[in-house]
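Colleague: model the structure of this input:
(chains A, B and C, ligands or ions: 2)
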Amino acid sequence: MPLLADVAVPVPLSQAFTYEVPAALAGEVRPGARVLCEFHRRKLLGVVLAVSERSAAIDPSKIKPLAALVDARPALPAELLSFLQELAAYYFAPIGEVLRLALPAIEREQVRALKAQGELGGVLDLGRAKQVGGRKVAYASATDAVEEPGTLRGQAAAVLALLRANGEQPVARLEERYGNARSALKKLAERGLVALDEREPPRDPFFRLPEERDVPPELNPAQAEAAARIDAALAALSAPGRAAPSAPGGAEARGAAPREPRPAGPSAFLLFGVTGSGKTEVYLRAIKSCLDRGRGALVMVPEIALTPQLVARFRARFGDELAVLHSGLSDADRHAMWASLHGGKVRVAIGARSALFAPVPDLGLILVDEEHDGSFKQEEGVRYHARDMALLRAHRAGAVCVLGSATPSIESVALVRRGKLVELRLPERAHREASLPEVTLVDLRRFGAGPSGDPLISLPLHRALERTLAAKEQAILFLNRRGFAPSVVCGSCGNLTTCSACSVALTYHRGRRRDARPQAPAGAPAPGPAAPLDERPQGGLLRCHYCDYAGPLPERCGSCGSRTLLLEGLGTERLEATIAASFPEARVARLDRDVAGKDRSQAILARMREGKIDILVGTQMVTKGHDLPNVTLVGVVNADAALGLPDFRAAERGFQLLVQVAGRAGRRDRPGRVLIQTRNPEHPAIAFAAAHDVPGFLDREIRDREEVGYPPATRLALIRIDAVDEGVGRGAAARLAAHARTCPDGLARRVEVLGPSAAPIARLRGRYRFRVLLRARERGPLRGTLAALTGLMRDGIDRNARVIIDVDPVAML
DNA sequence: AGCACGCCGACT
DNA sequence: GTCGGCGTGCTC
Ligand SMILES: [Zn+2]
Ligand SMILES: [Zn+2]
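Modeller: Ligands and ions are numbered 1, 2, ... in the order given. Presented below is the predicted three-dimensional model:
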């Protein structure tokens, strides 16, 4: 019988493909290793899922041999590989696409080896596999030798002076400044004045920054209790019968099978602690006890929480034992991090969503901080939820999982109630005597506009800002809308300016004031009630927040030709301008995606911390990050915006946002104040947030969900259909819905089929969008229906329609 | 997804 | 006459 390998290839197909293992590779091809294989007239990089001696299940004449082995040591350890396969099955995602999420770049060394085997001749098609490493860089440094005075001129002299002043430099850097650097260096080297060296450049500075180690602080009783419970779980899972921690290189030798009989006792926790209750210290202790037991740990945080300050805190405890995985990493740095974990040199990884796939050696602990955060759900490609999958990966690896939050997700609370998670509470703020901020609701139906004239800056908010400024304290104004004005409306006919590719209103962005160019005389719209004289558009842009469209503000209404275009509504840009005008003596700044990339936002928050800003206006971005101790006032400008969305999670998200933003008021010794502006003060999300009653809200929300039959009371899968042609999309959606209704689980009403219907955003990037929602009490029937639909998707659906299965959808828009 | 093969319109 | 449009079939 031939030696056959199941290989996943990077194509959107759910099956693996069978290849024959050539005799020469017989002992070396192992699960998790990447291989080069011919697939439908091209050469692809695949991953071996399994190897066995057996007779082929398909026509043996179709089976091709593997072309080459890429990894001597499997790139994916057994634990990761089997986890990824289960993830693919759970989300009905093609196995090749899922594996791609976890694969490292290819090392240049490996490419060289393949070329030597003659496998990469001509068409070097490794798909999107990035190449990395093996790149040597030339460095030059001055020696101690001294030249005879006056013998050096021009660039040679300049280069030597620079090297003497600044120490060793990459030759490439010198060439940027001195065109002749290379020949000058050669001459200098011949005379012994300069030493040349070639070596691989150093990796990410994260790696080598020497960091002062901190001394673990005393824990308060609640922290100590939580840490002890986690430690006990780690002890139980790491104890008898477990193999000793493996040496580097040995990890993948063990089978993928789940660890020996799982000991009883809790292994997954919900750490429920208010802001400032010291969750991070509990995490640090948990990681320490995990490492002490010889196992690795993985920490996941929302992308925007992965700040230098947070990393510094982990680094202060674990030094070099920490790999940081973030989006700003170059391919080379990312690969270096990956390799350090894979090789067992580093055993702790911290990162955002994608860190879920980090090859942490002998994984013993996964921490998910701010587990309620929506950014853990990937909303494109493989639509996985990193928090849910963290629970799965931990379970499979025999590891402990800790989800932490000040405002736990309803899903996690439901898991606690079903006994799947053990709740650990940190009830008080750890080492600050600060009391909870006082929350005032401002009913916008009763309070009109303050002196600024904008109805969303009410008199109470205006007065509160005045008082804060007078006390030399700081304020944050939270408004979850970027841009200047969220809509542009014709003053004559009421026509709303929309994106030509999407069915959404375009947002007017003024951009920086300095950029404002005078408009053609006839072009300036007459000032209307929504566009006061000093805010007339000058050189701003209309932008679509859902596609890349950006264009000038039209001079005339696209519908009736009128010149009276009104800028309606309030975005952060306009709020900043209005506040600055109302409080001319205050230093006002703005923090949102438009003003700040990752580094800029850190800089703005730093300026805030240094007291160089009085009022900070911004979106979600003002919500996360390090303490801002002098902030005593937080204004939520429009609490209703988040609550009105057509999404069953709107209340939950609104509540989380309110609690989180309110947590920014009054840390340290100062009591804080929170003003929430709303037209709906009785809304539970607002009322419970105002009362600081998180358990109360969770309780009520979980009952509401049961009543309306939404998760966690039921399970959902959203079938997203889109097509350039509206009819094609609608037709595909109708077929899918009909098929779902007539499959056995649909007929038996074990699965409820809602739709087809147009998506709330009916057109996006030029594609018409439809959906079918599947709802079931049990997961089994839901999966059965989805399986039936994937069958239909293979042949019964117009190829111009795109169909995406979204299991456990989060964003319902 | 890619990448072939195949069968109908307007171009040298 | 052919160049090229993209409908559809298949990939171990
Ligand atoms: Zn009009
Ligand atoms: Zn658009």
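Colleague: residues of stretch A:101-113 that come out buried?
Modeller: A:101-107, A:110-111, A:113 (16 or more other CB atoms under 10 Å). Bear in mind the C-beta positions are built from the backbone N, C-alpha and C, glycine included.
Colleague: endpoint to endpoint, stretch A:759-771 covers what distance?
Modeller: 6 Å (CA to CA, to the nearest Å).
Colleague: and A:Leu356, how far from A:Pro22?
Modeller: 35 Å (CB to CB, to the nearest Å).
Colleague: how far does the helix or strand harbouring A:Ala464 sit from its chain's centre?
Modeller: Element membership for A:Ala464 (DSSP states H and E) is helix A:459-470. Offset of helix A:459-470 from its chain centre (CA atoms, centre = their mean, to the nearest Å): 36 Å.
Colleague: with stretch A:744-757 instead?
Modeller: Its chain's C-alpha centre and that of stretch A:744-757 lie 33 Å apart, by CA atoms, centre = their mean.
Colleague: A:Pro359 - nearest residue in space that isn't next to it in sequence?
Modeller: What sits nearest to A:Pro359 in space, not counting adjacent residues and going by CB to CB, 6 or more residues apart in numbering, is A:His342, at 4.4 Å.
Colleague: what's near enough to touch that neighbour?
Modeller: By CB atoms under 8 Å, 6 or more residues apart in numbering, the residues touching A:His342 are A:75, A:77, A:104, A:359, A:361.
Colleague: want to throw the buried residues of stretch A:101-113 into TSV with secondary structure, pLDDT and distance to ligand 1?
Modeller: Listed next are these as TSV, based on DSSP: H, G, I helix; E, B strand; the rest coil; pLDDT from 0 to 100; distance: CB to the ion, whole Å:
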residue	secondary structure	pLDDT	distance to ligand 1
A:Leu101	helix	94	48
A:Ala102	helix	95	53
A:Leu103	coil	92	53
A:Pro104	coil	86	55
A:Ala105	coil	79	53
A:Ile106	strand	79	57
A:Glu107	strand	69	60
A:Gln110	helix	79	62
A:Val111	helix	76	60
A:Ala113	helix	79	67
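Colleague: all helices of the stretch 201-350 of chain A, in order?
Modeller: A:221-238, A:279-292, A:308-318, A:331-342 (DSSP state H, counting those that start in this stretch).
Colleague: in terms of secondary structure, what does the first one contact?
Modeller: This means helix A:221-238. strand A:268-273, helix A:279-292, strand A:363-369, strand A:400-405, strand A:422-426 (3 or more CB pairs under 8 Å, 6 or more residues apart in numbering; DSSP states H and E).
Colleague: any buried residues in the shortest one, and which?
Modeller: Residues A:422, A:424, A:426 are the ones in strand A:422-426 that count as buried (16+ other CB under 10 Å).
Colleague: just the closest of those to DNA strand C, please.
Modeller: Among the buried residues of strand A:422-426, A:Val422 lies closest to DNA strand C (CB to the nearest atom of the strand), at 44.5 Å.
Colleague: which ones are touching that closest one?
Modeller: For A:Val422, the contacting residues are A:229, A:266, A:268-270, A:416, by CB under 8 Å, 6+ apart.
Colleague: what does the stretch 101-250 of chain A put close to DNA strand C?
Modeller: Residues of the stretch 101-250 of chain A lying near DNA strand C by CB under 7 Å from any atom of the strand: none.
Colleague: quick check: which ranges of the stretch 101-250 of chain A have low pLDDT?
Modeller: A:107, A:118-130, A:133-136, A:176, A:201-211, A:240-250 (pLDDT under 70).
Colleague: in the stretch 301-450 of chain A, what residue is nearest ligand 1?
Modeller: Closest residue of the stretch 301-450 of chain A to ligand 1, CB to the ion: A:Ala449 (26.4 Å).
Colleague: wait, that residue sits on A:Pro455?
Modeller: Yes. Between A:Ala449 and A:Pro455 there is a contact at 4.5 Å, judged by CB atoms under 8 Å.
Colleague: give the bridge partners for A:Leu52, please.
Modeller: Let me fix one detail, which is that residue A:52 is Ser and not Leu. A:Ser52 has these beta-bridge partners by DSSP bridges: A:Leu4.
Colleague: residues from the stretch 201-350 of chain A in reach of DNA strand B?
Modeller: For the stretch 201-350 of chain A, the contact set with DNA strand B under CB under 7 Å from any atom of the strand is empty.
Colleague: ok, back up a step: how about the helices and strands packed on helix A:221-238 in CSV, adding distance to DNA strand C and mean pLDDT?
Modeller: Shown next, in CSV, are those (distance: least, CB to the nearest atom of the strand, whole Å; pLDDT from 0 to 100):
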stretch, distance to DNA strand C, mean pLDDT
strand A:268-273, 38, 97
helix A:279-292, 41, 97
strand A:363-369, 31, 98
strand A:400-405, 36, 98
strand A:422-426, 44, 96
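Colleague: for A:Tyr139, find the nearest of those.
Modeller: helix A:279-292 (35.7 Å; CB to CB).
Colleague: distance from the closest one to the middle of the chain?
Modeller: How far helix A:279-292 lies from its chain's middle: 23 Å, per CA atoms, centre = their mean.
Colleague: now stretch A:400-407
Modeller: Taking CA atoms, centre = their mean, one finds the center of stretch A:400-407 at 17 Å from the center of the full chain.
Colleague: could you write out the alpha-carbon coordinates of that stretch in CSV?
Modeller: Only the C-alpha atoms of stretch A:400-407 are listed here, as CSV (Å, rounded to 0.1, in the frame of the first residue of the first chain):
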residue,chain,number,x,y,z
VAL,A,400,-6.7,27.0,31.6
CYS,A,401,-8.7,29.8,30.0
VAL,A,402,-9.5,33.1,31.7
LEU,A,403,-11.9,35.7,30.2
GLY,A,404,-11.7,39.1,31.8
SER,A,405,-14.0,42.1,31.7
ALA,A,406,-15.6,44.9,33.6
THR,A,407,-18.7,44.4,31.5
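Colleague: quick one: the host helix or strand of A:Leu633 to helix A:459-470, angle?
Modeller: Following DSSP H and E, one finds A:Leu633 within strand A:631-636. Angle, strand A:631-636 to helix A:459-470, by axes from the mean of the first three to the mean of the last three CA atoms, to 10 degrees: 160 degrees.
Colleague: name the helices or strands packed onto strand A:631-636?
Modeller: helix A:459-470, strand A:474-478, helix A:650-662, strand A:673-678.
Colleague: list the buried ones in whichever helix or strand comes after that strand?
Modeller: Downstream of strand A:631-636, the next assigned helix or strand under DSSP H and E is helix A:640-643. If you call a residue buried by 16+ other CB under 10 Å, then helix A:640-643 has these buried ones: A:640-643.
Colleague: the residue nearest to A:Gln677 when sequence neighbours are not counted: which element?
Modeller: Using CB to CB, 6+ apart and skipping residues adjacent in sequence, the residue nearest A:Gln677 is A:Val442, 4.6 Å away. For A:Val442, the element it lies in under DSSP H and E is strand A:438-443.
Colleague: give me the sheet partners of that strand and which way each runs.
Modeller: Here strand A:438-443 has these sheet partners by DSSP bridges: strand A:673-678 (parallel).
Colleague: close to ligand 1: what parts of chain A are there?
Modeller: With CB under 5 Å from the ion as the criterion, chain A meets ligand 1 at residues A:490, A:492-493, A:495, A:557, A:559-560, A:562.
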